[in-house]
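# Generate a structure from the sequence data that follows.
(2 chains)
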Protein chains: 2
Amino acid sequence: MTEHLPTRNIYLHDVPLDEAIADWQTALAAAGMLAPLGKETIPLADALGRVTAEPVWARISSPHYHAAAMDGFAVRSEDTRGATETSPLLLRLDEQAIAVDTGDPLPSGMNAVVMIEQTQPVTRDGAEYIEILASSAPWTYVRPMGEDVVASELVLPANHRLRPQDLGAIAGSGHREVTVYRRPRVAILPTGSELVTIGSELKPGDIIEYNTLMLGAQAEEAGCIVTRLPIVRDNYPAIRDTVAAALESHDLVAINAGSSAGSEDYTAAIVQELGQLRVHGIAIRPGHPVVLGVAQSQAGQGKALVGIPGYPVSAAMTFDLLVKPLLYRWQGLEMPDKPTVQATLTRKTLSPLGEDHFLRVTLGKVGGRLVATPLAGGAGVLMSLVKADGIVQIPRFSEGHDAGSQVRVELMRPLSAIDSTIVVIGSHDLTLDLLADRLRQGQPRRSLSSAHVGSLSGLLALQRGEAHLAGSHLLDEASGEYNIDTIRRLLTPHRVRVVLLGFVNRSQGLILPKGNPKGIHSLDHLLREDVAFVNRQRGAGTRVLLDYALAQKGLNPRQISGYERQEYTHLAVAAAVKSGAADVGLGILAAARALELDFVPLFDERYDLVIPVEHYESELLAPLLALVQGQDAGFVAAVQALGGYGTEQMGEVLAEL
Amino acid sequence: MTEHLPTRNIYLHDVPLDEAIADWQTALAAAGMLAPLGKETIPLADALGRVTAEPVWARISSPHYHAAAMDGFAVRSEDTRGATETSPLLLRLDEQAIAVDTGDPLPSGMNAVVMIEQTQPVTRDGAEYIEILASSAPWTYVRPMGEDVVASELVLPANHRLRPQDLGAIAGSGHREVTVYRRPRVAILPTGSELVTIGSELKPGDIIEYNTLMLGAQAEEAGCIVTRLPIVRDNYPAIRDTVAAALESHDLVAINAGSSAGSEDYTAAIVQELGQLRVHGIAIRPGHPVVLGVAQSQAGQGKALVGIPGYPVSAAMTFDLLVKPLLYRWQGLEMPDKPTVQATLTRKTLSPLGEDHFLRVTLGKVGGRLVATPLAGGAGVLMSLVKADGIVQIPRFSEGHDAGSQVRVELMRPLSAIDSTIVVIGSHDLTLDLLADRLRQGQPRRSLSSAHVGSLSGLLALQRGEAHLAGSHLLDEASGEYNIDTIRRLLTPHRVRVVLLGFVNRSQGLILPKGNPKGIHSLDHLLREDVAFVNRQRGAGTRVLLDYALAQKGLNPRQISGYERQEYTHLAVAAAVKSGAADVGLGILAAARALELDFVPLFDERYDLVIPVEHYESELLAPLLALVQGQDAGFVAAVQALGGYGTEQMGEVLAEL
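Prediction:
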């Protein structure tokens, strides 16, 4: 090992996924690292979930003796021949009939048991007898030796993951221990000068290092013993020496990040120096900068050495795709199949040619049809993986799918859970999060998945049958009414009959930095040259409201600096103000409060739920409607605690359209 | 608490399953024990698989600042307006363009990043510039603050089981800990004077106590902290005091066995004395003697108190059915659904009216059809639960199903595993176990499930399309040939075309107690009055062989004592001899060796594999045929190590019929 930086540059070169896997596997096989790692013999009490490394053969029979299967008397079948209700037989106690309890060994010479309920004690000439009213065939009410398992029989094959009943069967066949594959030892090393540990005070540029937490949990799920190493800064020798030390005591070392080709990306070079670099870059999205290699311990033992990308979605997905199958194989197993379903894609999805694309989608069962909606966000948006119900793989020779296509979805949640998920789309409001929480508390099976696309897109989704309900606050400029006109325009012609249900009234107003340094108090201040505004997207109810108010006051939107800058939620607008990227936005009080910002109320508006009749009457929505129409006390209190909300019309049927 | 035995008798009274559950739940609810038990706040690194007890709201935004998403230069979008390849623009370094790496905070006033690859450094008049060839829209290559999650947003609802990505998202939104439901504490108490610990030397009447191992593993699978208490003998005060002490520190105490109504069955009385006995006896099979109750700790805390039957299949299945859902509920979850499939039942199955019957079945995908075969064995045959692929529930108002019925099967193995299982039926031979093991070693996905029904029943199963292959050693008395005549009679007329594949030749002979105390050396000795024989079932090849040999020698089977006594496998015959229940049986050397018995060889016979052509040519059977036809060295060595086997014809195609 040398202390200077590597002189040879490592270039990132994307190869197709299947080639990358094949190449790595060839190298792993050559290093003897494509087979189970080794065996150990452990007590049965520790063996749940472990995998047999050898077949288990019965050492003894079970039962290991002929056992009475009833409380009663052990008899010789021959002695009972001819007994009937009309001509009972007497058997001499302790000679022809010996009392036994269930589980007792059958006394020598006996071959059947008569239930105690079918006998009568009789004393005759001072001797004790039992009277029987029926004959017994041989082996009646006897559990013969070996009924369960006979010594030398196969109890379990090798490569079998042990379940509770297996542990019982192994113990019952005379073993106290079992030989299983040893658990792989996995080290995960976070590298990067920008990383700080979970719980640190943050300054701009700091990144909370949670990939090690997540990747470690993935390895634990796969049955491994995990070492989460401390963060190492971007220093080649420091990273290299830490990796070299970890290789001595682990089967696989995963270096997190530094796997790309930037000036401080050392992972590929370190793999090259410590072992054999087989793959640097895979044509998958998310994921590109993956490093796959093999190495050896000083004792010559083969090791796997990988570099995992830094963006959390890339990290989690590439670990799942590339590392986990190896961890299973090392324990004599193949990766469990993820169940798949066919679903209808709700949006057109473009995918770059030449890349295997793993699209995160939410799923919903709407009107008997399973619909898949792609989640927005790149490799840095971990919430897309948290919210995902499944993955759609778009192969590298495809440019994507049109809306309405049938796609195969690999499920991340059971289909039964998806079937009982209420799909909400449209305008976002914080009270929907509260409703989701309240619903889940009462009904662990019922969950609520919400997509924030604005009021108009929400109603369009109802038109296409992609959601169970939409949150909407669309003001009609002519009538001054909320939602009704738009529903008549967008849904009625498509025969989508809906119930318009009151939900909350809320304050819309100006969201401003703490202390309102620029003294912005009314709409006309937005036109000032020194004021940078942040707007909501086209179709958002808040934007409609703004345009309506500007028109009423005769103000020209074109004069507002930042009118074109769009955010998709109230909180995103507040975040833009909080960060200083904008001086003011229009939104709800709750969003301003959440980020400790100032708020100047301008309007009071209605935020309703629009529910197609078929869903309004469904069992699925019943618990949600019970909360809303019953004005559930806990829910109402939580809404009011947010501030800026009225709940007077909650649950009121405002119109049936 | 009193020290005398309870004076009031407790009678077992079976109630229907749903009534039993409802009654117990009412009592649990009254004791406050039908809701999650309590919360605890734990570090994220310990939280995998735990369940959120509260919603998780983002404490900070992620990213918590506007971050460069590329290595390059931070710029003001306005400054780039108008740049094209033909009219590039110069931006003054450190004023209009500030160098940033991926993840760096966007310098104040900047709102876009230009990739380093799309710039050229330029020096003009001693000042440094970068040249750009295109304009940048605002927020290009910027990860805006809150892109992943905005402070105050809902990250996860309550009652959510934490996955690796959830841990990452919680950490990323500013938490180091998470509030989850505490794990239930479960104590399992084995009672019974006949019980001995795993690994004890056994004498007749001893029962290895492994239910605690198994039930504890079931509770561990459900996320509980388990105490496995030491065995307590059948002594009322001792059991009662142990239960009372366990109730103080556990949420649920399960007393194993003593739950029936025999003289030493104290469980119901103890539940009665320590708390409230709600259910004693449930009309389910297996399972009947179940005890369900509630109790309190001395501090008045509600507790669940149950009695679980002693037979291992009853124990495992009633725990699953009754206790596990409660353990899930205590953690804010419902029991995960087990996937179900429709399958064709291969045998008529009778079920007692009035009882919910849970039938263990094996499943096989044969010729595109999923077939379910009921497993033999009562509640004492734990191997039936080990071998089961699924459960068929026969409701209490049904008397069972005819062969060929469509039934719903709750899966215990994934369907993909069942799809890749080779179903073998027919005569049993130990070499099939070796083949199963060898197959699994090479192909973790491919498994072999074998039912031992004798040669003739095996061929009949092929006729009905219920298995992929059959092991058969049916001698034709006329031709002296093996299998061919029977195949012509049973399969050819049904257009089942098969390949007859050589497998092993084996010695059949007399299985005798060690030392052969009765001096039995030939077939005619079986007719001696002092000799008790044990036979194989009708249709078994060994029985055909016996009858053939007896006929050839002019011996009358009726004169053989025990000729009517049937066992279904070679090992069961050997076990009968071993136990002294019979003096002699006919079987193979391997079975005698396995139980350390004496053996007198009489015949050499062929044991072939009969494989329908459609399966012979299938991908499913390819790895098995590769082992057999390739005379796999490891497999052949294992077969020869058994003794009494020849492998000369292994893999040879003996006939195509």
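
# Now do the contacts for residue A:433.
A:450, B:55, B:153-154 (C-beta atoms under 8 Å, 6 or more residues apart in numbering or on different chains). (Each C-beta comes from the backbone N, C-alpha and C, glycine too.)

# so which strand or helix has residue A:155?
strand A:154-156 (DSSP states H and E).

# Neighbouring strands - and their directions - for that strand?
The pairing partners recorded for strand A:154-156 under DSSP bridges are strand A:56-57 (antiparallel).

# Run a quick neighbour tally on whatever residue of the stretch 451-600 of chain A ends up closest to chain B.
Residue of the stretch 451-600 of chain A nearest chain B, by C-beta to the nearest C-beta: residue A:594 (3.2 Å). Residues lying near residue A:594 (other C-beta atoms under 10 Å in any protein chain shown) number 22.

# And residue A:208, by the same measure?
Residue A:208: 23 neighbours (other C-beta under 10 Å).

# wait, the residue of the stretch 451-600 of chain A closest to chain B sits on residue A:572?
No - the pair residue A:594 / residue A:572 is not scored as a contact, 11.6 Å apart, by C-beta atoms under 8 Å.

# and for these two, which residues touch both?
By C-beta under 8 Å, 6+ apart, the residues touching both residue A:594 and residue A:572 are residue B:150.

# related to what we said a few turns ago, residues in contact with the closest residue to the residue of the stretch 451-600 of chain A closest to chain B other than its chain neighbours?
Spatial nearest neighbour of residue A:594, chain neighbours left out: residue B:152 (3.2 Å); criterion: C-beta to C-beta, 6 or more residues apart in numbering or on different chains. Neighbour list for residue B:152: A:430, A:571, A:591, A:594-595, B:57-58 [criterion: C-beta under 8 Å, 6+ apart].

# Could you report the pLDDT at the residue most central in space within chain A?
In chain A, the C-alpha nearest the mean C-alpha coordinate belongs to residue A:412, at 5.4 Å (C-alpha atoms, centre = their mean). Listed pLDDT for residue A:412 reads 94.

# Ok, residue A:11 next?
So, for residue A:11, pLDDT stands at 58.

# quick one: residue A:408 and residue A:344 touch, right?
No - Residue A:408 is beyond contact range of residue A:344, at 11.7 Å (criterion: C-beta under 8 Å).

# picking up where we left off before, tell me the secondary structure for the residue nearest to residue A:594?
coil (DSSP: H, G, I helix; E, B strand; the rest coil).

# what's the burial count for the residue nearest to residue A:367 when sequence neighbours are not counted?
Take residue A:367 and drop its neighbours on the chain: the residue closest to it by C-beta to C-beta, 6+ apart is residue A:465, 5.3 Å away. When neighbours are counted by other C-beta under 10 Å, residue A:465 registers 18.

# right, and residue A:465 touches residue A:370 too?
No - using C-beta under 8 Å, residue A:465 is not in contact with residue A:370, being 11.5 Å away.

# close to chain B, is the helix or strand harbouring residue A:186?
Per DSSP H and E: residue A:186 is located in strand A:185-190. No - judged by C-beta under 8 Å from any C-beta of the partner chain, strand A:185-190 makes no contact with chain B; its nearest approach is 11.7 Å.

# Output the below-cut-off pLDDT ranges for chain A.
A:1-11, A:261-262 (pLDDT under 70).

# Quickly list the domain ranges of it.
A:17-36+A:184-329, A:39-63+A:147-181, A:67-143, A:340-413, A:430-656 (automatic domain parsing).

# End to end on the last one, go ahead and measure it.
Between the opening and closing residues of domain A:430-656 we find a distance of 26 Å, counting by C-alpha to C-alpha, to the nearest Å.

# Looks to me like residue A:409 is in a helix.
No - remark: residue A:409 does not belong to a helix; assigned using three-state DSSP, it is strand.

# thinking it is in contact with residue A:393, fair?
No - look at residue A:409 against residue A:393 with C-beta under 8 Å: they stay out of range, at 9.2 Å.

# Of these two, give the one with the bigger neighbour count.
residue A:409 (25 against 19).

# Can you tell me how far the more buried one is from residue A:363?
6 Å (C-beta to C-beta, to the nearest Å).

# Mutual contacts of these two, please.
In contact with both residue A:409 and residue A:363: A:341, A:343, A:372, A:389-390, using C-beta under 8 Å, 6+ apart.

# Skip the chain neighbours and tell me the closest residue to residue A:183.
Residue A:183's closest residue in space is residue A:225 (C-beta to C-beta, 6+ apart), at 5.1 Å.

# let me fix that: residue A:137
residue A:77 (6.2 Å).

# next one: residue A:111
Using C-beta to C-beta, 6+ apart and skipping the chain neighbours, the partner closest in space to residue A:111 is residue A:138 (4.8 Å).

# need the contact list for the one you found.
By C-beta under 8 Å, 6+ apart, the neighbours of residue A:138 are A:77, A:111-112, B:565.

# Am I right that it is in a strand?
No - Residue A:138: not assigned to a strand; according to three-state DSSP it is coil.

# And it, how close does it get to residue A:68?
Counting by C-beta to C-beta, the gap from residue A:138 to residue A:68 is 14 Å.

# do the same with residue A:239
For residue A:239 relative to residue A:68 (C-beta to C-beta), the value is 69 Å.

# on that earlier part again, settle it for me: which of residue A:408 and residue A:344 has more neighbours?
In terms of neighbours (other C-beta under 10 Å), residue A:344 is the more surrounded of residue A:408 and residue A:344; the figures are 18 against 13.

# hey, what's that one bridged with?
Beta-bridge partners of residue A:344, as defined by DSSP bridges: residue A:371, residue A:406.

# who in the stretch 501-650 of chain A is up against chain B?
Within the stretch 501-650 of chain A, the positions lying close to chain B (C-beta under 8 Å from any C-beta) are A:565, A:569, A:571-572, A:574-576, A:578-581, A:591, A:594-595.

# Any of these buried? List them.
The neighbour count (16 or more other C-beta atoms under 10 Å in any protein chain shown) marks A:565, A:569, A:571-572, A:574-576, A:578-579, A:581, A:591, A:594-595 as buried among these.

# from those, which two are the most distant?
A:565 and A:594 (20.5 Å; C-beta to C-beta).

# which element is the residue in the stretch 351-500 of chain A positioned nearest to chain B on?
Using C-beta to the nearest C-beta, the single residue of the stretch 351-500 of chain A nearest to chain B is residue A:433, 3.8 Å away. In this assignment (DSSP H and E), residue A:433 forms part of helix A:430-442.

# Show me which residues of that helix are buried.
For helix A:430-442, by 16+ other C-beta under 10 Å, it's A:430-441.

# next one: stretch A:540-560
Those would be A:540-547, A:549-550, A:555, A:557, A:560, for stretch A:540-560 by 16+ other C-beta under 10 Å.

# These in helices, which ones?
Residues of those located in helices (DSSP state H): A:541-547, A:549-550.

# Surely residue A:600 and residue A:519 touch.
No - using C-beta under 8 Å, residue A:600 is not in contact with residue A:519, being 10.6 Å away.

# When these two are compared, which one has more neighbours?
Neighbour count, other C-beta under 10 Å: between residue A:600 and residue A:519, residue A:600 has more, with 18 against 10.

# other SSEs contacting the helix or strand harbouring that one?
Residue A:600 belongs to strand A:598-612 when assigned by DSSP H and E. Contact here means 3 or more C-beta pairs under 8 Å, 6 or more residues apart in numbering or on different chains; DSSP states H and E; on that basis strand A:598-612 packs against helix A:455-463, strand A:469-472, strand A:498-512, helix A:541-552, helix A:589-594.
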